[in-house]
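J.: Need a 3D model of the sequence below.
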Amino acid sequence: MPQSWSFFRTAVKNFRSTGAIASSSKALVKKLIEPLPADRPLRIVELGPGDGCVTRAILDRVNAESHVTAFEINTTFIDVLHQIEDERLSVLPVGAEQLREYFEENSVDYVVSSLPLSMIPKEVKLEILRQAQWVLKPGGQFFQYQYALQDYSLLKDYFGRVSVSFTMANLPPAFIYSCIG
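T.: The predicted structure is shown next:
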């Protein structure tokens, strides 16, 4: 079954946890991960990787000594992620609000999130942002995309600098937040 059809079927069954009906476009993925440097080893956390389209792009872009830890709760997507054959990838079948259980304070270079923040209960969303900020190294960055600007002020509460870009080349068009602690 084509990956796009598989994503659609999984998304329809679990819309509240996927928050999308289609996998992220190549244009959105490129814009989301463009700031990741390739010249040094990085420790990256990916939240809500879904079918792994962002995961694969991250692994293609970053240094060979980098490591990506993906937090995914959807069992169908976990199975898809396990098919990515790259020793730099670890897949954890736990929620993003459990970052502190797996990482020390100031130990992560980048957090890349595809979580549907607007569909996550506020208390859980706040905990995810608190923990993401806590695990990031000084100067580390948090990247998030969404289909609306409703969490912009919330992100500003957790990160000192928040910039927003936009791409029409996605279904639906998406806003990309780049946040620095």
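J.: Would you state the helices of this protein in chain order?
T.: 3-13, 15-18, 26-33, 53-61, 75-82, 122-135, 152-158 (DSSP state H).
J.: Tabulate these (a markdown table), appending mean neighbour count, mean pLDDT and distance to residue 171.
T.: Yep, even glycine has a C-beta here, placed from its N, CA and C like the rest. As requested, those are exported to a markdown table (neighbours: other C-beta atoms under 10 Å; pLDDT from 0 to 100; distance: least, C-beta to C-beta, whole Å):
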| stretch | mean neighbour count | mean pLDDT | distance to residue 171 |
| --- | --- | --- | --- |
| helix 3-13 | 15 | 47 | 11 |
| helix 15-18 | 16 | 43 | 14 |
| helix 26-33 | 19 | 97 | 9 |
| helix 53-61 | 20 | 98 | 13 |
| helix 75-82 | 17 | 97 | 19 |
| helix 122-135 | 18 | 98 | 24 |
| helix 152-158 | 14 | 96 | 22 |
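J.: what sits against the most centrally placed residue in the chain?
T.: With distances taken as C-alpha atoms, centre = their mean, residue 113 lies nearest the centre of the chain, 2.1 Å away. Residue 113 sits next to 46, 47, 48, 96, 132, 142, 143, 144, 145 when contact means C-beta atoms under 8 Å, 6 or more residues apart in numbering.
J.: Leaving out chain neighbours, which residue sits closest to residue 147?
T.: Distances taken as C-beta to C-beta, 6 or more residues apart in numbering place residue 172 nearest to residue 147, at 5.1 Å, with adjacent residues excluded.
J.: Pretty sure the one you found sits against residue 148.
T.: No. Using C-beta atoms under 8 Å, residue 172 makes no contact with residue 148, being 9.2 Å away.
J.: which parts of the top strand by length along the chain are buried?
T.: Longest strand in the chain by number of residues (criterion: DSSP state E): strand 136-146. For strand 136-146, the neighbour count (16 or more other C-beta atoms under 10 Å) marks 136, 140, 141, 142, 143, 144, 145, 146 as buried.
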